[in-house]
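Asks: pasting a predicted model and its sequence here:
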Amino acid sequence: MKKQNEISRIPKNLSKNNLAKIFNVYTTRVEGRQQYYYNINRGFTFTGLDNIPNSYYNEYQIVQEDTWSLISWKHLGTIELWWVICLFNRIYDPMREPDVGKYIRVPDEKIVNMIREELENAD
């Protein structure tokens, strides 16, 4: 198994939101083919979610066509931060489609930057 910095196919100049920059990337061989995967279980959890002031997030009602990536695009300008929205709403199975009609909280850029910095400094 190779770790991210040993994988030559991963560019070094990734965007600050790219999962490969934030989380460890590994490669392994499965049935003779090279497979990549992310380790998004770095132990990051939000504490005090119930006490976060309203000014740090927007409330959003999920509509029919929404996916986690689309919600990220609509609110954060990138599809790459879907995982922040999921964690922020205690959604631990991102493979499950968002529930239409449900209200979620979408963190603002200040919170996203704080999370990104904390994860980058955790290494």
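Replies: On my side now, so go ahead.
Asks: which residues in the chain form helices?
Replies: 19-22, 68-76, 82-88, 109-121 (DSSP state H).
Asks: mind putting those into a markdown table with mean pLDDT and mean neighbour count?
Replies: C-betas here are computed from N, CA, C, even on glycine. As requested, the helices of the chain are exported to a markdown table (pLDDT from 0 to 100; neighbours: other Cβ atoms under 10 Å):
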| stretch | mean pLDDT | mean neighbour count |
| --- | --- | --- |
| helix 19-22 | 58 | 18 |
| helix 68-76 | 95 | 18 |
| helix 82-88 | 87 | 21 |
| helix 109-121 | 77 | 13 |
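Asks: please identify which of those helices is closest to residue 95.
Replies: For residue 95, the closest of the helices of the chain is helix 68-76, at 9.4 Å, according to Cβ to Cβ.
Asks: okay, now the domains of this structure?
Replies: Following automatic domain parsing, the chain resolves into domains at 2-39, 49-121.
Asks: packed most tightly, which of those domains would that be?
Replies: domain 49-121 (a mean of 15; mean count of other Cβ atoms under 10 Å).
Asks: for this protein, what helix or strand is lowest in average pLDDT?
Replies: Lowest on mean pLDDT, DSSP states H and E among the helices and strands of the chain sits strand 2-3, with a mean of 50.
Asks: may I have stretch 81-101 as CSV, with CA atoms only?
Replies: Only the C-alpha atoms of stretch 81-101 are listed here, as CSV (Å, rounded to 0.1, in the frame of the first residue of the first chain):
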residue,chain,number,x,y,z
LEU,A,81,-16.7,20.2,0.4
TRP,A,82,-19.6,17.9,0.6
TRP,A,83,-18.0,16.0,3.5
VAL,A,84,-17.9,19.2,5.7
ILE,A,85,-21.7,19.6,5.2
CYS,A,86,-22.3,15.9,6.1
LEU,A,87,-20.1,16.1,9.2
PHE,A,88,-21.7,19.4,10.3
ASN,A,89,-25.1,17.8,10.2
ARG,A,90,-24.0,14.5,11.8
ILE,A,91,-24.6,12.6,8.5
TYR,A,92,-22.1,9.7,8.7
ASP,A,93,-23.3,7.8,5.6
PRO,A,94,-22.7,10.2,2.7
MET,A,95,-23.8,7.4,0.2
ARG,A,96,-27.3,8.0,1.4
GLU,A,97,-29.2,10.6,-0.6
PRO,A,98,-30.2,13.8,1.2
ASP,A,99,-33.8,13.6,2.5
VAL,A,100,-36.0,15.9,0.4
GLY,A,101,-37.7,18.6,2.6
